[in-house]
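# this is a predicted model, with the sequence first.
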Protein chains: 2
Amino acid sequence: MKPMHSIQELQQLVIDKLAEEASAIAITEPVNLYEPITYTLNMGGKRLRPAMLLMACDLFSGDIKNMLNAAVAVEVFHNFTLLHDDIMDHADIRRNQPAVHKKYNENVAILSGDAMSIMAYQYLLKINHPAIQEVTQLFSKTAMEVCEGQQYDMDFEHRQDVSIDEYLKMIRLKTAVLIAGSLKMGALLGGTDSDNADRLYRFGINMGLAFQLQDDLLDVFADQEKFGKKIGGDIVANKKTFLLLKALEIASPKQKQALQYWIEKDDFDPKEKIDAVRTIYTDLNLKEISEQLAETYYQKALNEIQAIEVASERKEPLILLAKTILKREH
Amino acid sequence: MKPMHSIQELQQLVIDKLAEEASAIAITEPVNLYEPITYTLNMGGKRLRPAMLLMACDLFSGDIKNMLNAAVAVEVFHNFTLLHDDIMDHADIRRNQPAVHKKYNENVAILSGDAMSIMAYQYLLKINHPAIQEVTQLFSKTAMEVCEGQQYDMDFEHRQDVSIDEYLKMIRLKTAVLIAGSLKMGALLGGTDSDNADRLYRFGINMGLAFQLQDDLLDVFADQEKFGKKIGGDIVANKKTFLLLKALEIASPKQKQALQYWIEKDDFDPKEKIDAVRTIYTDLNLKEISEQLAETYYQKALNEIQAIEVASERKEPLILLAKTILKREH
């Protein structure tokens, strides 16, 4: 049996490969198209999706060195979605640096993003593998669903009747499917059957949902210094997260009135709004309720992993990853 | 030998298939993502690129009915580029209707366009064919080059030193490669060898260049009523077409001074500017010079077709198409 690779080894493989590709892209003409792509790829990040693709491949003793282009494909695609989302969301900062549409301009951001989307396919299609068409179809379906998730997210901004089920569907599309799709792509490229690949897909969906619930919690309850970005952004923007939707569902009439007051108030001190809403969330036990739901998804994810037919020691890196991602400090 | 199909038959096949797909897309959720795609696909157009893909397939007696999804792929991709180009070029009207970013808004146009780009791959990847990976790689390379062409086109707006060679490179990327790529995709799906497929590719490149030169000419010299869109738009916008670049190259000092005067003038009567610049073009024989260059490309295109190893009667639709496209009224 092939030796396994740690998460860190796989992340490092991805980081090195991306750095190499980014350097080559930087000197491709026309520079105004390609240079922003290098800028985007060099912004950094944990490279979790491509590392997870390689971990899934490694789980089935696949040839990970030959699958690096698939890993690059999912990371380039993910970065493309961030780039275009930042235009749509008027988000000017990405990883403490100016977003592409701010550093360059909006046209550059649109066209470079378009090119990255195509480039993702170019990387994927470099791979010589009997399942490549199925993998590319899965990648396309996933990519389409990510667009659907972004659309629902934007739609929800203008709706006052979003249900928790709709919210969960939205984060499944916007966040979870790319994690799940990356894992399933890796599994198929690792040569396993569709049963095992589908188990990894469901592992990814459940992990993605748990991850997003945790991320929403961090926005409200994280330690500002450890979190690295501003706390309370979702509250200030009235973002319809699980916390807000659940709060509106279970709040007393008085609490509901207070929430509505803050939601409708145009002119407010951000700190005051954040503190007020956080207090309501705390009174409603929402931290525990949300963590409980995340825990349910986490357990479902673990069950899927356990059902996969490979030696249990090969599953350790994926289980460790799930633990690391979901139990992070907050 | 299989019976051949006329251009009109193939166009009709594409039109019917696109109408069917557009209806299905219209009722897919989220509606705000998919409805603008249907709007775009229903705007019409001659569907030449997908028809050419099928013609190339038909040339080698390929199974065109099974290649309709590839034809749809190139048309969806082409419409995606128009959609995003209209945002970038601030073009508010497309085929006498509001552009997507005007009818809906810019975010809708960005995200629907992104989805169309992915959707193009989804159609293409439905095809079951031994060359599908090669065809999808070719499609990706072509798509990337179209992005490069758009970037050069935007770059040229801010440059005063664009050479004719650079202009020809830009139109090759922005216009000719998608025609050539569609033909080569059809040829490969039709089962021919790479020599024949490459001949069709070069046929497409030369036809595309000739077509764009004719299109630039029409903007200046067309009969307004027959042309269907406003005459002189390129002149008003100082667009660096072959006509302007060649004029600046061969003009007398006095003519060059007059051209520069109109290029630099901010406040002008459009009709007066168009008439003045057109007169200089006429005095410089630019209609004939441009037609001569288009004719050179047209002959090169015909030579490529003639070298293809199939019965000459099967080539007739493609030759007729080249004649029809390039010799249209102006």
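Perfect, I can see it now. Numbers count the residues shown, from 1 in each chain, chains lettered A, B, ... in the order given.
# would you confirm that A:Val100 contacts A:Tyr39?
Yes - if you go by Cβ atoms under 8 Å, A:Val100 and A:Tyr39 touch, sitting 6.7 Å apart. To be clear about C-beta, it is placed using only N, CA and C from the backbone, and glycine gets the same treatment.
# show me which of those two is the more surrounded one.
A:Val100 (26 against 20; other Cβ atoms under 10 Å in any protein chain shown).
# mind listing the helices for the stretch 1-150 of chain A?
Assigned by DSSP state H, counting those that start in this stretch, the stretch 1-150 of chain A shows helices spanning A:7-26, A:31-41, A:48-59, A:68-88, A:100-103, A:106-124, A:132-157.
# pick the most deeply packed of these.
Most buried of the helices of the stretch 1-150 of chain A, by mean neighbour count (mean count of other Cβ atoms under 10 Å in any protein chain shown): helix A:48-59, with a mean of 28.
# for that one, name the packing helices and strands.
Judged by 3 or more Cβ pairs under 8 Å, 6 or more residues apart in numbering or on different chains; DSSP states H and E, the packing partners of helix A:48-59 are helix A:7-26, helix A:68-88, helix A:177-189, helix A:194-221, helix A:316-326.
# looking at the ones you listed, which is nearest to B:Leu168?
Across those, B:Leu168 has its closest neighbour in helix A:7-26 (25.1 Å, Cβ to Cβ).
# any residues of the stretch 101-250 of chain A in contact with chain B? List them.
A:107, A:110-111, A:113-115, A:117-119, A:121-122, A:125, A:132-133, A:136-137, A:140-141, A:143-144, A:147-148, A:150-152, A:154-155 (Cβ under 8 Å from any Cβ of the partner chain).
# the helices of the stretch 1-150 of chain A into TSV, with extra columns for mean pLDDT and distance to B:Asp267?
Below are the helices of the stretch 1-150 of chain A laid out as TSV (pLDDT from 0 to 100; distance: least, Cβ to Cβ, whole Å):
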stretch	mean pLDDT	distance to B:Asp267
helix A:7-26	96	41
helix A:31-41	97	30
helix A:48-59	97	53
helix A:68-88	97	33
helix A:100-103	97	31
helix A:106-124	98	26
helix A:132-157	97	40
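# okay, those in a markdown table with distance to A:Asp283 next?
Formatted as a markdown table, the helices of the stretch 1-150 of chain A follow (distance: least, Cβ to Cβ, whole Å):
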| stretch | distance to A:Asp283 |
| --- | --- |
| helix A:7-26 | 38 |
| helix A:31-41 | 42 |
| helix A:48-59 | 34 |
| helix A:68-88 | 33 |
| helix A:100-103 | 39 |
| helix A:106-124 | 42 |
| helix A:132-157 | 25 |
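# so which of those is nearest A:Leu318?
helix A:48-59 (5.6 Å).
# please save the CA atoms from the closest one in CSV.
Taking C-alpha atoms only, helix A:48-59 is exported to CSV below (Å, rounded to 0.1, in the frame of the first residue of the first chain):
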residue,chain,number,x,y,z
LEU,A,48,-8.2,23.6,1.6
ARG,A,49,-10.3,22.6,-1.4
PRO,A,50,-7.4,21.5,-3.6
ALA,A,51,-5.8,19.8,-0.6
MET,A,52,-9.0,18.0,0.1
LEU,A,53,-9.1,16.8,-3.6
LEU,A,54,-5.7,15.4,-3.1
MET,A,55,-6.6,13.8,0.2
ALA,A,56,-9.6,12.1,-1.4
CYS,A,57,-7.3,10.8,-4.1
ASP,A,58,-4.7,9.7,-1.5
LEU,A,59,-7.4,7.9,0.4
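# tilt between that helix and helix A:194-221?
With axes from the mean of the first three to the mean of the last three Cα atoms, to 10 degrees applied, the angle from helix A:48-59 to helix A:194-221 works out at 150 degrees.
# quick one: residues contacting A:Ala247.
Taking Cβ atoms under 8 Å, 6 or more residues apart in numbering or on different chains, we find A:Ala247 in contact with A:255, A:259, A:280-281, A:284, A:286.
# now A:Gly233
By Cβ under 8 Å, 6+ apart, A:Gly233 lies in contact with A:219, A:239.
# could you check how far it is from chain B?
19 Å (Cβ to the nearest Cβ, to the nearest Å).
# and that residue, what's its pLDDT?
Predicted confidence (pLDDT) for A:Gly233: 91.
# below-threshold pLDDT in the stretch 201-330 of chain A: ranges please.
Along the stretch 201-330 of chain A, the parts satisfying pLDDT under 70 run over A:225-229, A:328-330.
# how many neighbours does the residue in it that chain B sits nearest to have?
When scored by Cβ to the nearest Cβ, the stretch 201-330 of chain A has A:Lys240 as its residue closest to chain B, at 15.0 Å. Using other Cβ under 10 Å as the criterion, A:Lys240 is surrounded by 22 other residues.
# would you agree it falls within a helix?
No - membership of A:Lys240 in a helix is not supported by DSSP: H, G, I helix; E, B strand; the rest coil, which gives coil.
# which phi and psi does it have?
phi -80, psi 80 (degrees, to the nearest 10).
# residues contacting it?
A:Lys240 touches A:156-157, A:159, A:162, A:167, counting by Cβ under 8 Å, 6+ apart.
# what's the most distant pair in those residues?
A:Glu157 and A:Tyr167 (12.6 Å).
# thought A:Ile235 was touching A:Val220?
Yes - using Cβ under 8 Å, A:Ile235 makes contact with A:Val220 at a distance of 6.5 Å.
# from B:Val31, how far off is the residue in the stretch 151-300 of chain A that chain B sits nearest to?
In the stretch 151-300 of chain A, the residue found nearest to chain B is A:Gln151; the distance is 4.0 Å by Cβ to the nearest Cβ. Distance, A:Gln151 to B:Val31, using Cβ to Cβ, to the nearest Å: 9 Å.
# hang on, the earlier thing: of the helices and strands packed on helix A:48-59, give the one that comes closest to B:Ala26.
Nearest of the helices and strands packed on helix A:48-59 (Cβ to Cβ): helix A:68-88, 22.4 Å.
# contacts only, for A:Ile37.
So A:Ile37 contacts A:22, A:25, A:112, A:115-116, A:119 (Cβ under 8 Å, 6+ apart).
# with A:Tyr152 instead?
Going by Cβ under 8 Å, 6+ apart, A:Tyr152 touches A:166, A:169-170, A:173-174, B:30.
# swap in 10 Å and give it another go.
A:159, A:162, A:166-167, A:169-174, B:29-30, B:32-33 (Cβ atoms under 10 Å, 6 or more residues apart in numbering or on different chains).
# tell me the least confident of those?
Within these, lowest confidence goes to A:Arg159 (93).
# which non-adjacent residue is nearest that one?
In space, not counting the residues next to it along the chain, A:Arg159 is nearest to A:Lys240; the distance is 8.0 Å by Cβ to Cβ, 6 or more residues apart in numbering or on different chains.
# the one you found and A:Phe156: what is the separation?
Taking Cβ to Cβ, one finds A:Lys240 at 5 Å from A:Phe156.
# shared neighbours of the two, anything?
Common neighbours of A:Lys240 and A:Phe156, counting by Cβ under 10 Å, 6+ apart, are A:162, A:166-167, A:170.
# which one, of the helices and strands packed on helix A:48-59, ends up nearest to B:His90?
helix A:68-88 (15.5 Å).
# tilt between that closest one and helix A:31-41?
Per the same axes, to 10 degrees, the angle that helix A:68-88 makes with helix A:31-41 is 100 degrees.
# circling back to that earlier point, do you know which of the helices and strands packed on helix A:48-59 lies nearest B:Phe268?
That would be, of these and by Cβ to Cβ, helix A:68-88, which comes in at 34.0 Å.
# can you give me how far the closest one is from the chain middle?
11 Å (Cα atoms, centre = their mean, to the nearest Å).
# still on that earlier bit, please enumerate the shared neighbours of A:Ile235 and A:Val220.
With Cβ under 10 Å, 6+ apart, A:Ile235 and A:Val220 have common neighbours A:241, A:243-244, A:274, A:277-278, A:281.
# of these - the most surrounded one?
A:Leu243 leads the shared contacts of A:Ile235 and A:Val220 on contacts (other Cβ under 10 Å) with 26 neighbours.
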